[in-house]
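*Asks:* mind folding the following:
(chains A and B)
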Amino acid sequence: MRVNPAALWLGAILQIKSYGITDVGLKRDGNEDSFSVEDSLGLYIVADGMGGHLAGEVASNISVEIINKVFRKWVEKDTSEDEIFGEPDSSLSRKGNYILGGIRLANRVIYELALEKKEYHGMGTTVVVLLVTPSLIIAANVGDSRIYMVRDGEIERLSKDHSIVAEQVEMGMMTEEEAENSPLKHVLTRNLGSSEEVNPDIFEIEPANNDRFILCSDGLTDLVSDRELLEITENETGPEAVCKGFIDLVLKRGAHDNATIISLLLTDIERPKNGLLKRIGFLIEDIIIRFGKFVKKIIP
Amino acid sequence: MARLVLMFNKQVVKEYPLMKDSVTIGRNEENSIQINNLAVSGYHARIDAAGNDYILTDLQSTNGTFINDKRVVSQKLSHGDNIIVGKHVILFVGAGEAADSKSSALKSDLDKTMMLDTAKQKELLSKQKESGQTPELSTKIGVVSFIEGADLGEIELKKKLTKIGKADTSEIQLSGLFMPATAATISRRPSGYVITTMGGKIKVNGEAIKDSVALKDFDTIEVGKVKFQFYQKETSEK
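*Replies:* As a prediction, this is how the structure comes out:
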C-alpha cells in the first residue's frame, strides 16, 4: 500500500509502504493474534491474545479496536494530554500520550470484561503499537510482542520484553542465550487484562529515510533470530515480500504458534523546514541581540 | 523434571527441582523450601508427587495458600500455576521441557504464553498491610552538563526525545549564528541513549558523527561551539 497521510500531518510528507499478515501456524487450532494497518493514521498494531476458548482472540481484538478508535478520535479533536485516559506522562509528546491512554483504556476494558464474564476469566493480550509521522516515530509495547527498526544496515529493538527472563537479563542475572532456552521464556510480567493498571514502555525517535520497521508476535521471534530478521528485511524487495518470506520460514520451522507480522518502509520524508525568510529572520535577530550587547558595553 | 521457581517481587529467588516425592514449604528451616517471612506459617504447604502429577496441600496455614487467584486446600498442579504463599510466588514448571518429552501436548503447552499472576499477591500485600519495603529496579536518567559555549548548567533528559537547537520548541535551546532550528536529537531507546544529527555539526568525543551514535557515560558532545558532557544518574522516578 502506498499512502500519503499528509492530510493528518499538515505541512510534512512521507511515504509509507506497509503490509500485514497473520498465519495460524501448524499446531494451533485457532488464531489468537490480531493486527491492524491504518495508513491514514500512520498507526500499526499487533496483539497476541491469551486465555482459553475464544478469550485470547477477544482480548487481542479489543486492544486493537480500542487503541485505533481512541487514537483517531483524540488526533481529530487535538485533545489535550490532560483529557486522555489516566495521568499524562510528561516525558512523552502529545501523540505519545494518546497511545499511552489508548493502551490503558484497552487494558481496563479487557480487565473489566474478564472479571464480569466467566468465559473470559483470565484472558489477556500483549500489544505493540507503532505510530509513524514525518517528524516522530512512537513505539509502545506491553508483553513480549516486538518492534524492530532496521536502519543503516543494523537492527534495533524499539520494544522491551515484559517477561521474567527479559527482566533477569536486564539485571545481569541471566545471559541472552540462557533466556532463549529457559522454560520460563513465555511467562510474562505484564499484559493487558490481568490488572487494573498497566505500564507500557514507550519510545520516541526521529524517523529517517529508508527506515524499515517490523511489528510481530512471538510466533515469529521464537523461530527467527534478530540476525535473520535483518537479513530478510534487507534482501526482500518490499514489505509484502518481507512478510511472506517470514511466514515461509516460520512454517518451514514447525510454526508451533500463531505468527503475525507487519512490515513498513518509510521513504520521501520531508520535514517542515524553516523557509529562507525565517532563517534570515533568525540571523537578523541574532545580529540585533549581539549589537545590543555591544552597544551596552560601550555605552554603560 | 518438574521444578518450582521461588519468586519475590517478580524476581527469581531460587529454583528447586522436584527431586523428592514430597516437598514442604514454610518459615521453619526444616522445610525443603524455607521462606523467612512473617506472612508464611512455620509449615505452610506441601507438594506431593502422585504418578506423573503433583498435588499441593495447604497445611492449615494462617494466611492460606493460593493457586493463581484461588485459595486452595488441596489441588493438582498444572504447568504454569502460580502458588502464592504470603508475599512470595512459587511458579510450578511441569516436566516436559526436556527433549525426551513424551507428550507433545505438554510441550506445546510450554510454548503457550502465560501471565505471571501477581494480582492476588498485590491484594494479599495490601491486606496484610505490612510495610512495603520492596526493592525496586533502579532506573537511570541521562543528564547533560554544559562545559563551554552555553551557560545552562546541568539539564536532565526528562523527555523520551530531546531536541537540541535554536527553535523555541527545543528541550535544549541553544543560540549561535549558525545554529540550526534542530541541530540534533537525543532519544532514549531500549538499549540506552542515542544522539542523532539533524543537520547540525555534531562531534562526539572529538569525532564528527554522520547519523547516530549510542552515548556512553562521560561522552563529550559538541554542537557547533557548544560543548557538554553526557552521563546517567540514578533516579527514584519511574
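
*Asks:* tell me which residues touch the residue nearest to B:Lys10 when sequence neighbours are not counted, please.
*Replies:* Spatial nearest neighbour of B:Lys10, chain neighbours left out: A:Thr189 (5.2 Å); criterion: C-beta to C-beta, 6 or more residues apart in numbering or on different chains. In short, each C-beta sits where N, CA and C put it, glycine included. By C-beta atoms under 8 Å, 6 or more residues apart in numbering or on different chains, the contact list for A:Thr189 reads A:162-164, A:167, B:10, B:116, B:118.

*Asks:* try B:Asp48
*Replies:* B:21-23, B:54-55, B:57.

*Asks:* so what's it bridging to?
*Replies:* Beta bridges link B:Asp48 to B:Ser22, B:Ile55, judged by DSSP bridges.

*Asks:* quick one: it from chain A, how far?
*Replies:* According to C-beta to the nearest C-beta, to the nearest Å, B:Asp48 stands 22 Å off from chain A.

*Asks:* for B:Gly176, see how far away that residue is.
*Replies:* 75 Å (C-beta to C-beta, to the nearest Å).

*Asks:* do the same with B:Ala95
*Replies:* Separation of B:Ala95 from B:Gly176 (C-beta to C-beta): 67 Å.

*Asks:* same check on B:Leu161?
*Replies:* From B:Leu161 to B:Gly176 the distance is 22 Å (C-beta to C-beta).

*Asks:* so which of these two has more stuff around it?
*Replies:* B:Leu161 (24 against 17; other C-beta atoms under 10 Å in any protein chain shown).

*Asks:* tell me the pLDDT of that one.
*Replies:* On the pLDDT scale, B:Leu161 is placed at 96.

*Asks:* pLDDT at residue 120, what is it?
*Replies:* No chain specified, so I'll use chain A. You'll see A:Tyr120 listed with a pLDDT of 92.

*Asks:* that was the other one, I meant chain B.
*Replies:* Predicted confidence (pLDDT) for B:Lys120: 48.

*Asks:* do A:Ile214 as well
*Replies:* pLDDT, A:Ile214: 98.

*Asks:* residues contacting A:Leu215?
*Replies:* A:35, A:44-46, A:128, A:130, A:145-147, A:261-262.

*Asks:* all helices of chain B, in order?
*Replies:* Using DSSP state H, the helices of chain B run over B:104-111, B:119-128.

*Asks:* local confidence estimate at A:Gly11?
*Replies:* At A:Gly11, the predicted lDDT confidence score is 52.

*Asks:* and for the one 3 residues further on?
*Replies:* For A:Leu14, the pLDDT comes out at 89.

*Asks:* pretty sure it belongs to a strand, no?
*Replies:* Yes: under DSSP: H, G, I helix; E, B strand; the rest coil, A:Leu14 falls within a strand.

*Asks:* what is the burial count for it?
*Replies:* Using other C-beta under 10 Å: A:Leu14 sits among 23 other residues.

*Asks:* ok, it touching A:Leu136?
*Replies:* No: A:Leu14 lies out of contact with A:Leu136 (C-beta atoms under 8 Å); the separation is 11.0 Å.

*Asks:* joint contacts of those two?
*Replies:* Counting by C-beta under 8 Å, 6+ apart, the residues touching both A:Leu14 and A:Leu136 are A:Pro207.

*Asks:* now A:Tyr44: closest residue in space that isn't a chain neighbour?
*Replies:* Nearest non-adjacent residue to A:Tyr44, counting by C-beta to C-beta, 6+ apart: A:Leu130, 4.6 Å away.

*Asks:* what ranges do the helices span in chain A?
*Replies:* A:55-77, A:94-116, A:164-170, A:176-181, A:218-221, A:226-235, A:239-252, A:276-298.

*Asks:* of these, which stretch is the most buried?
*Replies:* helix A:218-221 (a mean of 25; mean count of other C-beta atoms under 10 Å in any protein chain shown).

*Asks:* how near is the spatially most distant residue from the centre of chain B to A:Phe294?
*Replies:* What lies farthest from the middle of chain B is B:Leu177; by C-alpha atoms, centre = their mean that is 45.5 Å. According to C-beta to C-beta, B:Leu177 and A:Phe294 sit 14 Å apart.

*Asks:* do the same with A:Gly124
*Replies:* 66 Å.

*Asks:* near chain B, which residues of the stretch 1-150 of chain A are found?
*Replies:* A:27, A:48, A:50, A:90-93, A:96, A:122, A:124, A:126, A:136, A:143-144 (C-beta under 8 Å from any C-beta of the partner chain).

*Asks:* swap in 7 Å and give it another go.
*Replies:* Contact residues, the stretch 1-150 of chain A versus chain B (C-beta under 7 Å from any C-beta of the partner chain): A:27, A:48, A:50, A:90-92, A:96, A:124, A:144.

*Asks:* buried subset of those as a ChimeraX selection?
*Replies:* Listed next is the ChimeraX selection for buried residues among the residues of the stretch 1-150 of chain A next to chain B, using 16 or more other C-beta atoms under 10 Å in any protein chain shown:
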select /A:48,50,91,92,96,124,144
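
*Asks:* sort out for me which of the residues of the stretch 1-150 of chain A next to chain B are in strands.
*Replies:* Among the residues of the stretch 1-150 of chain A next to chain B, DSSP state E puts A:48, A:50, A:124 in strands.

*Asks:* which of those sits closest to A:Arg151?
*Replies:* The closest of those to A:Arg151 turns out to be A:Asp48 (C-beta to C-beta; 25.2 Å).

*Asks:* my guess is the closest one meets A:Ser217, correct?
*Replies:* Yes: counting by C-beta atoms under 7 Å, A:Ser217 is a contact partner of A:Asp48 at 4.0 Å.

*Asks:* rewinding a little: can you put the contacts of A:Leu215 in CSV and add pLDDT and neighbour count?
*Replies:* What follows is the contacts of A:Leu215, written out as CSV (pLDDT from 0 to 100; neighbours: other C-beta atoms under 10 Å in any protein chain shown):
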residue, pLDDT, neighbour count
A:Phe35, 98, 23
A:Tyr44, 98, 25
A:Ile45, 98, 30
A:Val46, 98, 31
A:Val128, 98, 28
A:Leu130, 98, 24
A:Ser145, 97, 30
A:Arg146, 98, 25
A:Ile147, 98, 25
A:Ile261, 98, 28
A:Ile262, 98, 25
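
*Asks:* spatially nearest residue to A:Ala55, not counting backbone neighbours?
*Replies:* Distances taken as C-beta to C-beta, 6+ apart place A:Met123 nearest to A:Ala55, at 3.6 Å, with adjacent residues excluded.

*Asks:* can you list the low-confidence ranges for the chain?
*Replies:* No chain specified, so I'll use chain A. A:1-12, A:271-279, A:281-283, A:286, A:299-300 (pLDDT under 70).

*Asks:* if you could check chain B rather than the one you did, that'd help
*Replies:* Residues of chain B meeting the criterion pLDDT under 70: B:96-111, B:117-138, B:236-238.

*Asks:* now the residue nearest to B:Lys10: how far from A:Gly102?
*Replies:* From A:Thr189 over to A:Gly102 the distance is 21 Å, taken as C-beta to C-beta.

*Asks:* kindly report the same for B:Thr65.
*Replies:* Distance from B:Thr65 to A:Gly102, by C-beta to C-beta: 38 Å.

*Asks:* kindly report the same for B:Ser74.
*Replies:* Relative to A:Gly102, and taking C-beta to C-beta, B:Ser74 is found at 43 Å.

*Asks:* which one is B:Leu174 nearest to, not counting chain neighbours?
*Replies:* B:Leu174 sits nearest to B:Val226 (C-beta to C-beta, 6+ apart), 5.3 Å away.

*Asks:* was I right to think that neighbour contacts B:Asp151?
*Replies:* No: contact criterion C-beta under 7 Å: B:Val226 and B:Asp151 do not qualify, at 10.2 Å.

*Asks:* more neighbours, the two?
*Replies:* Neighbour comparison, B:Val226 and B:Asp151: the larger count goes to B:Val226, with 21 against 6 (by other C-beta under 10 Å).
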